[in-house]
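Student: Mind looking at a prediction? Sequence and model below.
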Amino acid sequence: MSSVSSMSSMSSAYIVACARTAGAKRGGKLAGWHPADMAGAVLDALVTRSGIDPAAIEDVIMGCVSQAGEQSFHIGRNAVMASNLPDSVPAVSIDRQCGSSQQAIQFAAQAVMSGTQDVVIAAGVESMTRVPMGSPIALFAKAGIGTGPFSPRILDRYGVAGFSQFTGAQMIADKYGFSREDLDIFALESHRRAAAATQGGAFAHEILPLRIDDHGTMHATDEGIRAEATLESIGAVKLLQEGGKISAANASQICDGASGVLVVSERALKQHSLTPLARIHNLTVTAGDPVIMLEEPIPATIRALKRAGMSIDDIDLYEVNEAFAPVPLAWLQALGADPAKLNVNGGAIALGHPLGASGTKLMTTLIHALRARGKRYGLQTMCEGGGIANVTIIEAL
């Protein structure tokens, strides 16, 4: 193995607790939960699972994409206010599109590694039922306020009438030569792996059950998994555009959820007698073409591996967000990566993609999957709106 030296000159950042809610469909089991309360429940779970004094938490970095309506007026601080944490815990809300809470991890790790802070929560939340995707744009447009996020100058620069992740997904499928059947086969495998993981209890320790009625019924199982799915049933779903390859069945599911991880320094490990689950090994973020938009995890991963002094073969498991099936498929092809190591417990096609919560959700799943298998290195990456991608490499302990 090549020398792993990316961050040896700086102090280390450790993850000591992680939690996620079970994914819920749009209008599904978590539709009754206010996003601030959902995120607050995750903050409380991280304190309980780590055993740390909540007053020791120096910041909460909360990822959220649609910061409007119930997710407006600073969802990070509102999550703290909805939790059992003391008022002394500050928070910030960030938006790096689908990578928002993965970026929260990276900001938390940077704070800890720089010695600025010792105990930081990185988390994310998205109620796609209560704050629908695109509503911050759509509601302003409907009210006749402004012209939208893309100025004529931006559109002229890129020679487009607008930017669309659906267009980007189709462009990737075409560029890498994937047929609709290739995408549907990948989608079916996502459901099969997620169903097997659920049945085998792989998610039991990572999921934070939430109460969903007055009878004490708990939501503790991902709601979007279709254990009975077949290639025929997936193939029967209508295409998003005529002559295209992308359908709702080979794309990520709209999902309500929250998740988080607790990131600490070596000093905090000793001071608070905490048990590390993983050490953060490399933090990378890159950006590229905003039109194809979703291809950036490929160059981002190449850069991350180079900086870490590693090859793709050194990585035991990878989580590549299944925004659309062509994204992880193109990533596998470009990197010569092993499909057996990819999204081993299924991905967003089966489990849902709660936008701002997906980063810490995937990290929670990756840590548990590595530890369950006695494996060492994990890599997580996410395609993001605007042609950005985060890559985080961790070492399970």
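Tutor: Structure's in. What do you need?
Student: Identify the residues contacting Glu384.
Tutor: Residues near Glu384 by Cβ atoms under 8 Å, 6 or more residues apart in numbering: Arg96, Gln97, Cys98, Gly99, Glu296, Asn390. The C-beta positions use only the backbone N, C-alpha and C, and glycine is treated the same way.
Student: Distance of the third one relative to Val125?
Tutor: To tie it back to what came earlier, the one meant is Cys98. Plainly put, Cys98 is 14 Å away from Val125 if you go by Cβ to Cβ, to the nearest Å.
Student: Neighbour count: these two, which is higher?
Tutor: More neighbours surround Val125 than the other of Cys98 and Val125, with 37 against 29 (other Cβ atoms under 10 Å).
Student: In a helix, Ala109, correct?
Tutor: Yes: according to DSSP: H, G, I helix; E, B strand; the rest coil, the state of Ala109 is that of a helix.
Student: The spatially closest residue to it that is not a sequence neighbour: neighbour count?
Tutor: Distances taken as Cβ to Cβ, 6 or more residues apart in numbering put Ala13 closest to Ala109, at 4.0 Å, once the chain neighbours are dropped. Neighbourhood size, Ala13 [other Cβ under 10 Å]: 29.
Student: residues in contact with Ala13?
Tutor: Counting by Cβ under 8 Å, 6+ apart, Ala13 touches Ala108, Ala109, Val112, Met113, Val263, Val264, Ser265, Arg279, Ile280.
Student: And the pLDDT at it?
Tutor: pLDDT for Ala13: 98.
Student: is it in a bridge, and if so with what?
Tutor: Note on Ala13: beta-bridge partners Ser265, judged by DSSP bridges.
Student: how near is it to Phe107?
Tutor: Noted for Ala13: a distance of 11 Å to Phe107, by Cβ to Cβ.
Student: Same check on Val291?
Tutor: In terms of Cβ to Cβ, Val291 sits 27 Å off from Phe107.
Student: Gln165 now?
Tutor: According to Cβ to Cβ, Gln165 stands 24 Å off from Phe107.
Student: what's the answer for Ile298, then?
Tutor: Taking Cβ to Cβ, one finds Ile298 at 23 Å from Phe107.
Student: What segments of the protein are helices?
Tutor: 35-50, 75-82, 100-113, 135-143, 152-158, 165-175, 180-199, 231-235, 266-271, 297-308, 326-335, 348-351, 358-373 (DSSP state H).
Student: Once you drop chain neighbours, what's closest to Pro35?
Tutor: Per Cβ to Cβ, 6+ apart, closest to Pro35 is Ser127, 4.2 Å.
Student: How about Pro136?
Tutor: Ranked by Cβ to Cβ, 6+ apart and with sequence neighbours excluded, the top spatial neighbour of Pro136 is Ala68, at 4.1 Å.
Student: so how many other residues sit close to that neighbour?
Tutor: Neighbourhood size, Ala68 [other Cβ under 10 Å]: 18.
Student: quick one on the thing from earlier: Ile298 and Phe107 - which one has more neighbours?
Tutor: Higher neighbour count among Ile298 and Phe107: Ile298, with 23 against 19, using other Cβ under 10 Å.
Student: check contacts around the more buried one.
Tutor: Ala330, Trp331, Ala334, Leu335.
Student: and with 6 Å instead?
Tutor: Residues near Ile298 by Cβ atoms under 6 Å, 6 or more residues apart in numbering: Trp331, Ala334.
Student: per-residue pLDDT, it?
Tutor: Note on Ile298: pLDDT of 98.
Student: Would you mind measuring from it to Gly144?
Tutor: To Gly144, Ile298 is 40 Å away according to Cβ to Cβ.
Student: Look up how far Leu46 lies from the nearest residue to Val320 once chain neighbours are set aside.
Tutor: The shortest distance from Val320 to any non-neighbouring residue, by Cβ to Cβ, 6+ apart, is to Pro328 (4.2 Å). Using Cβ to Cβ, one gets 28 Å for the distance from Pro328 to Leu46.
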